[in-house]
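S.K.: Sequence first, then the predicted structure:
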Amino acid sequence: MQMLNLTGANGVSEIYIETDLLSHAGQMIADVFSPSRVHIVTDSTVAPLYLAQLEQQFTLPVTSTIIPAGEEHKRLSTVEGIYHDLLAAGMTRKDLIIALGGGVVGDITGFAAATFLRGVSLCQIPTTLLAQVDSSVGGKTGVDLAEGKNLVGAFYQPRLVLIDPEVLKTLPDATFADGMAEVVKYGYIANPEILDMVSQPEYQEQIDDIIYECVKIKRDVVAIDEHDTGLRMILNFGHTIGHAAEKLGNYTELTHGQAVAIGMVAAMRLSAMRGNADLTAPLITLLQKIGLPTELTYDREAIFGALLSDKKKFGSTVNFILVREPGRAEITPIEAETLHEYILKL
Ligand SMILES: NC(=O)c1ccc[n+]([C@@H]2O[C@H](COP(=O)([O-])OP(=O)(O)OC[C@H]3O[C@@H](n4cnc5c(N)ncnc54)[C@H](O)[C@@H]3O)[C@@H](O)[C@H]2O)c1
Ligand SMILES: [Zn+2]
């Protein structure tokens, strides 16, 4: 078992990574919390796979909410439904809420835990690769509005994060590949050893170690910049153009991981245009091996327009994360006019 601590403004999050951890999660939860009841939130895909296995490990009363799977349910009405279930179950501030699922379940449940009775203890049990390496760690919670994604939320750290790589075996290949886009991101921004691991033919057999290295990076960045006012931006490598592409595809043509993959290649090309070493070719090879797209197919003017309306824009500059060498990234503000030239050349 591997363990990491994240010390935030409101205490410590303990993060455990172990194959088959789900089979004894109940005991680990009992060791950390002393609730009189537990409420599990999961979704309609994860529930038939893992909910019963988790529920049966508790001797105290357990209730659950099963939300329909899918990003379109990451909204306030779903959170309201959870509040009603929590009240019906008799949950108090001393009890525990568990998120069992991917990033959607994690974000919604985290927000419900942050706000119900002004805050109830939270345990995250992420079941997608993306949730294991990214969304379950760091305390960002929230929901989407009709106007855009993640527009309402709270910073709220889970006291415990339990990561069981075994559950990834039931993920569709495309969903696994989505999470791998974030893994590659971590390699380029902070630790090239991750890229070496992923380059191995049987890299999936080492997924525990890969997850550990990724979570360690996220932990380190969040520990310095919990509330996302500076360094945490480094985690956005590939996400600036990625978000623009996601938006132009109406969030249906590309998954988040696919958009990030395309965005990383574009950011790498941009980096080369600014005189840095051209690292594009090995990145493309790696992403193709994983099964992720690498080419930006949207109109360049439309991409530029979407970039300028992105929330990460400050004045007339857009902040890009550029990689100087694998493992070393920099936050680089680029003037709108210069950026326009670059984007047309992509
Ligand atoms: N809070 C953060 O810091 C943060 C960071 C990155 C992304 N996010 C958010 O995460 C969300 C995306 O998360 P995601 O990619 O995990 O999507 P998701 O939660 O929608 O999960 C993807 C699909 O996989 C299914 N699934 C989950 N676990 C499974 C398993 N073990 N076996 C089989 N199927 C399984 C789900 O039911 C769903 O259909 C987005 O809403 C994004 O905004 C949040
Ligand atoms: Zn991402």
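M.R.: Nice, thanks for sending it over. Ligands and ions are numbered 1, 2, ... in the order given.

S.K.: What ranges does the stretch 51-200 of the chain have for its helices?
M.R.: Applying DSSP state H, counting those that start in this stretch to the stretch 51-200 of the chain gives helices spanning 52-55, 76-88, 103-115, 129-130, 173-189, 192-199.

S.K.: The ones you listed: which one's closest to ligand 1?
M.R.: Nearest to ligand 1, of all those, is helix 103-115, at 2.1 Å by C-beta to the nearest ligand atom. No exception for glycine: its C-beta is placed from N, CA and C like everyone else's.

S.K.: relative to helix 76-88, how tilted is that closest one?
M.R.: 60 degrees (axes from the mean of the first three to the mean of the last three C-alpha atoms, to 10 degrees).

S.K.: Which strands or helices does helix 103-115 pack on?
M.R.: strand 38-43, helix 76-88, strand 96-101, strand 121-126, strand 140-145, strand 148-155 (3 or more C-beta pairs under 8 Å, 6 or more residues apart in numbering; DSSP states H and E).

S.K.: Now do the spatially closest residue to A261 that is not a sequence neighbour, the pLDDT please.
M.R.: Nearest residue to A261 in three dimensions, chain neighbours excluded: L292, at 3.8 Å (C-beta to C-beta, 6 or more residues apart in numbering). Per-residue pLDDT puts L292 at 98.

S.K.: quick one, what contacts the residue in the stretch 201-346 of the chain positioned nearest to ligand 1?
M.R.: The stretch 201-346 of the chain approaches ligand 1 most closely through H256 (6.1 Å), counting by C-beta to the nearest ligand atom. Shown in contact with H256 (C-beta atoms under 8 Å, 6 or more residues apart in numbering): L130, D178, A181, G242, E246.

S.K.: Quick check, T170 in contact with L49.
M.R.: Yes. If you go by C-beta atoms under 8 Å, T170 and L49 touch, sitting 5.6 Å apart.

S.K.: which SSE is P333 in?
M.R.: Element membership of P333 [criterion: DSSP states H and E] is strand 328-335.

S.K.: Check the spacing between the residue nearest to L195 when sequence neighbours are not counted and E213 real quick.
M.R.: Among residues not flanking L195 along the chain, G187 sits closest, at 3.9 Å (C-beta to C-beta, 6+ apart). Here the criterion is C-beta to C-beta, to the nearest Å. By it, G187 lies 8 Å from E213.

S.K.: Between these two, point out the one with more neighbours.
M.R.: Ranked by neighbour count (other C-beta atoms under 10 Å), G187 and E213 place G187 first, with 26 against 20.

S.K.: Same question for stretch 252-264: list its buried residues.
M.R.: When burial is assessed from 16 or more other C-beta atoms under 10 Å, stretch 252-264 yields the following buried residues: L254, T255, H256, G257, Q258, A259, V260, A261, I262, G263, M264.

S.K.: Let's see it as CSV, backbone CA atoms only.
M.R.: Provided in CSV are the C-alpha atoms of stretch 252-264 (Å, rounded to 0.1, in the frame of the first residue of the first chain):
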residue,chain,number,x,y,z
THR,A,252,-19.9,16.1,-27.4
GLU,A,253,-17.4,15.7,-30.3
LEU,A,254,-14.4,15.3,-28.0
THR,A,255,-14.0,13.8,-24.5
HIS,A,256,-12.0,15.9,-22.0
GLY,A,257,-9.0,13.6,-22.3
GLN,A,258,-9.1,13.7,-26.1
ALA,A,259,-9.3,17.5,-26.0
VAL,A,260,-6.3,17.6,-23.6
ALA,A,261,-4.3,15.3,-25.8
ILE,A,262,-4.9,17.7,-28.8
GLY,A,263,-4.2,20.7,-26.6
MET,A,264,-0.9,19.3,-25.4
